[in-house]
Every structure is written in structure tokens, then in C-alpha cells.
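K.L.:
Structure, please.
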Amino acid sequence: MSTSERPLDTSESAWAKVREIHVRLGPEGRVGAAFAASELVREAVLAGLRMRHPGWDERLLGEALLGRLYGEGLAGRVRDARANAK
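P.N.:
So this is what the prediction gives:
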């Protein structure tokens with residue numbers, strides 16, 4: 001979706017407000033907002049993984065996070081690379 005396309009679950013008036021805010025933020029502000037949103041998603045996914053798997057260590061959580069955010073294919077390649085590096 002391009003930045004000019006309105007998401008299907010967003011009204012035209014809400015989308016106009018979002019576009020107005022994006023203009024006001026400017027390029028640097030939009031990049032900062034994107035990084036903040038990305039970190040928020042990462043922390044939410046990690047919190048969910050910790051709740052579902054309280055016994056997992058940071059390595060297992062990190063691998064699961066990779067799988068959730070970037071796909072199991074990439075997570076598998078990372079696991080294989082780490083195993084081959086030992």
C-alpha cells in the first residue's frame with residue numbers, strides 16, 4: 001500500500017487527519033514515528049512470547065521473535081548459521 005492509499009478499515013476523515021499529521025511531522029518525524037511503532041510491536045510480541053513460554057531463555061525468545069516478525073524461513077537460517085558457527 002502506498003502512503004496515499006487509505007486502509008480499508010479507516011474512514012476518509014480519519015485518513016485525512018493522519019495525512020495532516022504526517023505532513024506536520026515532516027520526514028524526520030515520520031521516520032521517528034515508524035521506529036517507535038516498530039519497537040512497540042517488537043515489545044508486544046516479546047511480551048506475548050514470555051507469557052506463553054515463561055521458561056524460555058533470551059536465545060529462544062529471540063529466535064521466536066525473528067520467526068514472528070520476519071518469517072520462519074529467516075529464523076531457521078539464523079538458527080542454522082548459529083549452529084554452524086559453534
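K.L.:
For the protein, just list every one of the helices.
P.N.:
12-52, 58-70, 72-85 (DSSP state H).
K.L.:
For the chain, which element, helix or strand, carries the lowest mean pLDDT?
P.N.:
helix 72-85 (a mean of 91; mean pLDDT, DSSP states H and E).
K.L.:
and Gly48, how many neighbours?
P.N.:
13 (other CB atoms under 10 Å). Bear in mind the C-beta positions are built from the backbone N, C-alpha and C, glycine included.
K.L.:
The residue nearest to Val41 when sequence neighbours are not counted and Phe35: what is the separation?
P.N.:
Spatial nearest neighbour of Val41, chain neighbours left out: Leu69 (7.7 Å); criterion: CB to CB, 6 or more residues apart in numbering. For Leu69, the distance to Phe35 equals 14 Å [CB to CB, to the nearest Å].
K.L.:
Please identify which of those two sits among more neighbours.
P.N.:
Set Leu69 next to Phe35 and count neighbours by other CB under 10 Å: Leu69 wins out with 13 against 10.
K.L.:
tell me the contacts of the more buried one?
P.N.:
Shown in contact with Leu69 (CB atoms under 8 Å, 6 or more residues apart in numbering): 41-42, 45.
K.L.:
Great, nothing more from me.
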